[in-house]
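# got a predicted model here, sequence first, then my questions.
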Amino acid sequence: MAIFRLNAKPPAPPGVGASCLRRTFPRHPCRACADACPVAAITLSAAGQTIDDASCLRCGNCLFPCPTDAPENLTPTLRNYQADRLVAPFSACITADELLMWHFQYAIRGVALESADHPVWVRVVAELNLTLRQLREPEWQIFPPTPRAVNPLRRHWLHIPEENVQSGRVSAGRRARRALLSSFSEYQLSLSLSLCMACGACARACPENALQITETALAWDPARCTGCNSCTAVCFSAAIRIEHQLQAATPQRYPFAVKTCRSCHHTFYTFSPEADRCHICQRHAFAMREA
């Protein structure tokens, strides 16, 4: 059996793909991955994000809050579980976002550990339970670990199989999370009809088609929204905001009227029944478009 492979290629370094919001919209304020990184290995710039290969722990924390699945060459941590609970070994890097995916994908309902030995896990489980309470889901418990004849870390490194213990990874990213929580929405639309020009820029910028412009209305499907805020980044009238709020996913429609401007005679859309001039002509005090 070959122990060393001389032609083996090193793993690709972690990076950020073209779907990164900062690469699509240079002024986009997204910093979800950087805020999730426990060692500040992610640097933000107008051109996007870069991940320092030497500093990166490969913990996968940055994968879960990203709304567009932009991080590349990273995977969620492989974890052990037995029946309905996660079991040792426990890494130091864990987030409530990851545990929520374990809750829905593997029906996990707790962790078996000593609370004094893993204070980070205790805090994150408490954070998870706040979300589960809002979703009316069963909360997680912290179970006492089952005594083992072999130390869990030695068992892990020596590859000693443990009875009824399985290993797995969860799906990462807000898109995967939306697929599991389709009956709930974590983001709500706040739209100012007096400021909105019904130009459709927000719908064209939305990568999830949560916003759509029809011939008669602006349609909003909160079950699709990942909270990327691309719509707010392109709205030049600041008419739209996305607010983090967990509630039942209820689609909304904002009907508008199709009219002809009395000044320039162009067709325009408006949410105001009384409007008779398009949004551009309203901003020309001297009727420049009439000339």
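That came in fine, so what should we check first?
# in this protein, what secondary structure element scores lowest on mean pLDDT?
helix 152-158 (a mean of 60; mean pLDDT, DSSP states H and E).
# you'd agree His265 is in a helix?
No: using DSSP: H, G, I helix; E, B strand; the rest coil, the assignment for His265 is coil, not a helix.
# going forward can the numbers begin at 23, since that is how I track them
Got it, first residue is 23 now, which makes that one His287.
# how near is the nearest residue to Ala68 once chain neighbours are set aside to Tyr128?
Counting by CB to CB, 6 or more residues apart in numbering, Pro48 is the residue found nearest to Ala68 once chain neighbours are left out, at 4.7 Å. Glycine gets a C-beta too; all of them are placed from N, C-alpha and C. As defined by CB to CB, to the nearest Å, Pro48 lies at a distance of 39 Å from Tyr128.
# so if I had to pick from the two, which one is more boxed in?
Tyr128 (16 against 12; other CB atoms under 10 Å).
# now the helix or strand encompassing Leu121: mean pLDDT?
Remark: Leu121 resides in helix 118-127, with elements defined by DSSP states H and E. Helix 118-127 comes out with an average pLDDT of 98.
# beyond that helix, next helix or strand please.
That would be, after helix 118-127 and using DSSP H and E, strand 132-134.
# report all helices and strands that that next one contacts.
Using 3 or more CB pairs under 8 Å, 6 or more residues apart in numbering; DSSP states H and E as the contact definition, the elements that strand 132-134 packs against are strand 107-109, helix 141-157, strand 163-165.
# list the buried ones in stretch 150-168?
Of the residues in stretch 150-168, those buried under the neighbour-count criterion (16 or more other CB atoms under 10 Å) are 150-151, 153-154, 162, 164.
# out of those, which comes closest to Arg44?
Taking CB to CB as the measure, Arg44 lies nearest Thr153 of the buried residues of stretch 150-168, at 27.0 Å.
# wait, that closest one sits on Leu268?
Yes: because the distance of 7.5 Å satisfies CB atoms under 8 Å, Thr153 is recorded as touching Leu268.
# report how many residues lie close to Ala129.
Under the neighbour criterion other CB under 10 Å, Ala129 is assigned a count of 11.
# helix/strand/coil for Cys253?
Applying three-state DSSP to Cys253 yields a three-state assignment of helix.
# touching, it and Ile262? I think so.
Yes: Cys253 sits in contact with Ile262 when judged by CB under 8 Å, with a separation of 5.3 Å.
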